[in-house]
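In: Need the 3D shape of this:
(chains A and B)
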Amino acid sequence: MTKITLNGTERAFDQDPAMPLLWAIRDLAGLNGTKYGCGVGLCGACTVHVDGKAERSCMLTLGDVEGASVTTIEGLDPDGNHPVQIAWRDLNVPQCGFCQTGQIMQAASLLTENPKPSDEEILTSMAGNVCRCGCYQRIVNAVRLASTGS
Amino acid sequence: MLKYLEPMTEPPNREVHLAKVTRRGFLGTAGVFALAAYAMPADAFETYPTGATEMPHGVVDDPLVFVSIDADGTVTLVAHRSEMGTGSRTSIPMVMADEMEADWDRVRIVQAPGDEPKYGNQDTDGSRSMRHHIQAARKIGGSVRTMLARAAAAEWGVDPAEVTVEMHEIRGPAGQTAGFGDFAEAAMAQPVPAHDEIAYKTEDQFRYIGKGEVQITDLHDITTGAAVYGADVVLDGMKFAVVARPPVVGGRATSHDATETLAVPGVESVHELPYGGLAMKFAPLGGIAVVASNTWAAIEGRRKLKVEWAAGEHGSYTSGPYMDEMIATSEAPGMPARDQGDVDSAFANAAKRVVRTYTQAHIAHIPMEPPAAIASYTPQGLEIWAPVQSPYTARTDTAAALDLDPEKVRVNVTLLGGGFGRKSKGDFVTEAALLSREVGAPVRVQWTREDDVKHSFYHTISAERIEAAINADGRVTGWLHRSVAPSILSTFAPDNGTPMPLEQGMGLTDVPFDIANIRCESGKAFAHTRIGWFRAVSNLPHAWAIGSFVGDLAQELGKDQKQMWLDLIGAPRTLDPKAAGLPDDFWNYGEPMAEFPIETGRLAHVLNVAADGIGYGKDLPEGEGIGLAVHRSFVSYVACAAHVKIVDGRITVPQMHMAIDCGFCANPERVKSQMEGAAVMGMTNALHSGITFENGAVVESNFHDYDVVRSDNYPDVVTHIVPHPFEVHATGVGEPGAPPVAPAIANGLFVATGERRRALPMGTQA
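Out: Sure thing, here's the model as predicted:
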């Protein structure tokens, strides 16, 4: 039995602790906003927050996060109005949208740690999140907007 | 009434609204009526023919199929095209709403299931959505507005011409007012007006069309994680499956040992899927499926599966030597595809000849969402949820694979996490259906990224040889282009090594240059993997070769590359297919040439706009250069000006200007996003995308060896959209941005470094 706090609620998972957190979130907890994109930590589609910090949920096992607080896109803001989410909508960032929850979780974590990142810091922080539609320009602009208001 | 089965299973968390559009939906109260307030000429919108009527099941413009109005006035519009990121799920309903004078805030969009006899063609590919459906969308919206007005006029006893419909409100001459809901039922009981009975809006009356201010309908859901993609539908009792597929197309499992697989907690069963190979359309590849209680257990179970594979006839396919063979093929005369003038004498009399060969590797689409599908089979029928570009094809193909009546199969379309052509092919849907029948429970099939990279329908592999004859004045007098690439046809029929006119028409035979003597040929090439269409299809290798060759010619002739382009394009003119020696079966993206001609003035114009936009000609430091390329595809014209900069030996492209002429532009905001995306994907094609084969199997497997452009090296894109009135027909947007990007980068790289790259992918280092 692995206990974690998921979006503020304590959850117990009666599963092999070797199960990747990604699949526990999706298949067991039924929270499907966290996406599978590569399974090996190379695309960022599955990004969640573990104790407030962006992590690739495909690269962590349930056992790794025992006792930790895990936040998914569904728990980022009760109304879906985190400043990053608002900036994303203001700039019409998404095309297909599939990678966007991971992008938003990565950006939110960056701004928590570093509220006024330089452009270089934004580019480096976001480089692990792939967008095959190619929304990078708007992604970077949205992170700036969420950070600085412009 | 819907012809479908009632949904057999109601997934608990499903947000993909099913289209239950029936007359019963048009709840209304009293019957009155109103008419279009616009005193506009009835010919404000002149219809024109498109290739839409040649598509399977054509176009449906019946408002009763696409529109319903609730008693509270909520307007429900059906989106029958799949949403994979282009915005068509928003833009086409937006056109309907504008002509209807519906308030966008009171519009709801539902996604149609795969049912082409009802909705018309649903193949979301070929950059056709707006091009083929904008007229129907206007007709549908205008019809409903007219029907609302007539219903109100009848009730109020006034002339329909005195009734106005504006922003969800119907007003009569004596101050009567009503909402859409008040007349919903009466309006829908009105006869559907003919085109010339509808007072269409003039362009200055458009509220949403052409403005780019309507946000995509799924924006909020996408940013909160509520949007539903292929793997996000959950059914009661659903099983999870992954499939071990033959590494070589056409291969088979000769034996397998699932002992360890079945010992993995959560794994429930293992099933062999029927054989699939080339020339079997979108049939699954076969292999061994592992069914489990969650995705991870299925993946773990597959990891422990022991399978012996027989490779079959494509087991010797190795792409490096195959490329050498294709290049050799391009050295010899091929099958004629276009012949204009006398190329032989142009070359015999040439003062100089320039010949170059350009190659491109296979490409896998790798949409961020790998293929996934959910199927629920019961003896009563089969219901599917899947991210498919062609839901009706998936429905009929899957029905055939299970020997079912298509009427007993329903395909619900989720959002697509990218498609790029991959999700036109429903092999993954059929896998889920076969497995659901096998295990007697709903099954979700999940492709891993490795599955996606290794078992795609790949963009073809190509060698393009172009030779130019130059006369004593330095003018190009002869053009010989030989194209060698396995054909998509091999996926559908036994391969004869010959391309289709559809592939040749994508940038090979339609080269619009002002050269007296032009010959285009195709060399034989046989497919040894599944060849499919990838965003922009054969335009990619053709535009890559032609655009790079223009740069090579400029160097050989000592000309500026922009001047070289403009000299080759020549004076503004409309290509005369006969005089140009185009074949009778020339393929103009399925469009009538009279309506969608090849206009060189538009080609030159977008080149000038992109070049001017980026400041072409300005002084740049060493190690930087601007490259230009322009290409017509999907009956649109797109130019790319790419600013290449070498940073610590790495090829970067800090800025691109994209100029597009796509005729009338209904949603400039989404056109802009498509150009930004095409710039990134084109740059990925240029630097990264190379799928290679060894002994029939794909070598690459995931982002570590098949990477893409990321946010640390993306181009800032400035998009220029050439403005046009509605009379200039709307053309393609989703694909035509990509082709000019790679040659523009190559041309810029040459300026920056003096080195010319002629093989794609060209790599990330200068």
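
In: Need the three-state assignment for residue B:254.
Out: Using DSSP: H, G, I helix; E, B strand; the rest coil, the structure places residue B:254 in strand.

In: residues near it, how many?
Out: If you count neighbours by other C-beta atoms under 10 Å in any protein chain shown, residue B:254 ends up with 9. Any C-beta I mention is one placed from the backbone N, CA and C, and that applies to glycine too.

In: now swap in the one 4 residues further on and tell me
Out: Close neighbours of residue B:258, defined as other C-beta under 10 Å, add up to 20.

In: And residue B:748, by the same measure?
Out: 28.

In: cool, and residue B:743?
Out: By other C-beta under 10 Å, the residues close to residue B:743 number 30.

In: ok, and it, which helix or strand is that part of?
Out: With the criterion set as DSSP states H and E, the secondary-structure element containing residue B:743 is helix B:741-753.

In: and what of residue A:124?
Out: helix A:119-126.

In: is chain B contacted by the following helix or strand past that helix?
Out: Sequence-wise, the next helix or strand downstream of helix A:119-126 (DSSP H and E) is helix A:136-148. Yes: using C-beta under 8 Å from any C-beta of the partner chain, a contact is recorded between helix A:136-148 and chain B, made by A:136, A:137, A:138, A:139, A:140.

In: Off-centre distance for helix A:136-148?
Out: Taking C-alpha atoms, centre = their mean, to the nearest Å, one finds helix A:136-148 lying 16 Å from the centre of the chain it belongs to.

In: now do stretch B:459-472
Out: What separates the centre of stretch B:459-472 from the centre of its chain is 27 Å, taken as C-alpha atoms, centre = their mean.

In: Buried residues, that stretch. List them.
Out: When neighbours are counted by 16 or more other C-beta atoms under 10 Å in any protein chain shown, the buried residues of stretch B:459-472 are found to be B:459, B:460, B:461, B:462, B:463, B:464, B:465, B:466, B:467, B:468, B:469, B:470.

In: and the third one, how far is that from residue B:484?
Out: According to C-beta to C-beta, to the nearest Å, residue B:461 and residue B:484 sit 9 Å apart.

In: any common contacting residues for the two?
Out: When contacts are counted by C-beta atoms under 8 Å, 6 or more residues apart in numbering or on different chains, residue B:461 and residue B:484 are jointly contacted by residue B:326.

In: Can you name the residue of chain A nearest to chain B?
Out: In chain A, no residue comes nearer to chain B than residue A:33, which is 2.0 Å away by C-beta to the nearest C-beta.

In: residues contacting residue 51?
Out: You didn't pick a chain, so chain A it is. Neighbouring residues of residue A:51 by C-beta under 8 Å, 6+ apart: A:68, A:69.

In: think we crossed wires, I meant chain B
Out: With contacts defined as C-beta under 8 Å, 6+ apart, the neighbours of residue B:51 are B:128, B:132, B:589, B:590, B:591, B:592.

In: again, only using 10 Å
Out: For residue B:51, the set of contacting residues under the criterion of C-beta atoms under 10 Å, 6 or more residues apart in numbering or on different chains consists of B:126, B:128, B:131-132, B:587-592, B:595-596, B:635.

In: Tell me the span between the first and last residue of stretch A:53-61.
Out: The straight-line separation of the ends of stretch A:53-61 (C-alpha to C-alpha, to the nearest Å) is 16 Å.

In: Which of the residues in that stretch are classified as buried?
Out: A:54, A:55, A:56, A:57, A:58, A:60, A:61.

In: returning to what we had before: neighbours of the residue of chain A closest to chain B, how many?
Out: 25.

In: Residue B:653 too?
Out: Using other C-beta under 10 Å, residue B:653 is surrounded by 27 other residues.

In: surely it meets residue B:683?
Out: Yes: using C-beta atoms under 10 Å as the test, residue B:653 is close enough to residue B:683 to be in contact (5.8 Å).

In: Overlap in contacts, those two.
Out: By C-beta under 10 Å, 6+ apart, residue B:653 and residue B:683 have these common neighbours: B:642, B:709, B:713, B:714, B:715, B:741, B:744, B:745.

In: quick one: average pLDDT of the helix holding residue A:124?
Out: Taken as a whole, helix A:119-126 has a mean pLDDT of 96.

In: So which bits of it are buried?
Out: Neighbour-count burial for helix A:119-126, with 16+ other C-beta under 10 Å as criterion, is recorded at A:122, A:123, A:125, A:126.

In: Those residues: which two are farthest apart?
Out: With distances taken as C-beta to C-beta, the most widely separated pair in the buried residues of helix A:119-126 is A:123 and A:125, at 7.4 Å.

In: Do a quick rundown of the strands in the stretch 101-250 of chain B.
Out: B:107-111, B:164-166, B:169-171, B:177-179, B:239-244 (DSSP state E, counting those that start in this stretch).

In: can you list those strands in JSON lines and add distance to chain A, mean pLDDT and mean neighbour count?
Out: Conversion of the strands of the stretch 101-250 of chain B to JSON lines gives the following (distance: least, C-beta to the nearest C-beta, whole Å; pLDDT from 0 to 100; neighbours: other C-beta atoms under 10 Å in any protein chain shown):
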{"stretch": "strand B:107-111", "distance to chain A": "14", "mean pLDDT": "98", "mean neighbour count": "19"}
{"stretch": "strand B:164-166", "distance to chain A": "27", "mean pLDDT": "97", "mean neighbour count": "21"}
{"stretch": "strand B:169-171", "distance to chain A": "28", "mean pLDDT": "98", "mean neighbour count": "21"}
{"stretch": "strand B:177-179", "distance to chain A": "29", "mean pLDDT": "98", "mean neighbour count": "18"}
{"stretch": "strand B:239-244", "distance to chain A": "7", "mean pLDDT": "98", "mean neighbour count": "26"}
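
In: can I get these in TSV with distance to residue B:519?
Out: Formatted as TSV, the entries for the strands of the stretch 101-250 of chain B read as follows, by distance: least, C-beta to C-beta, whole Å:
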stretch	distance to residue B:519
strand B:107-111	47
strand B:164-166	58
strand B:169-171	63
strand B:177-179	65
strand B:239-244	46
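
In: Tell me which of those sits nearest to residue B:226.
Out: For the strands of the stretch 101-250 of chain B, distance to residue B:226 was read as C-beta to C-beta. The smallest value, 14.8 Å, belongs to strand B:107-111.
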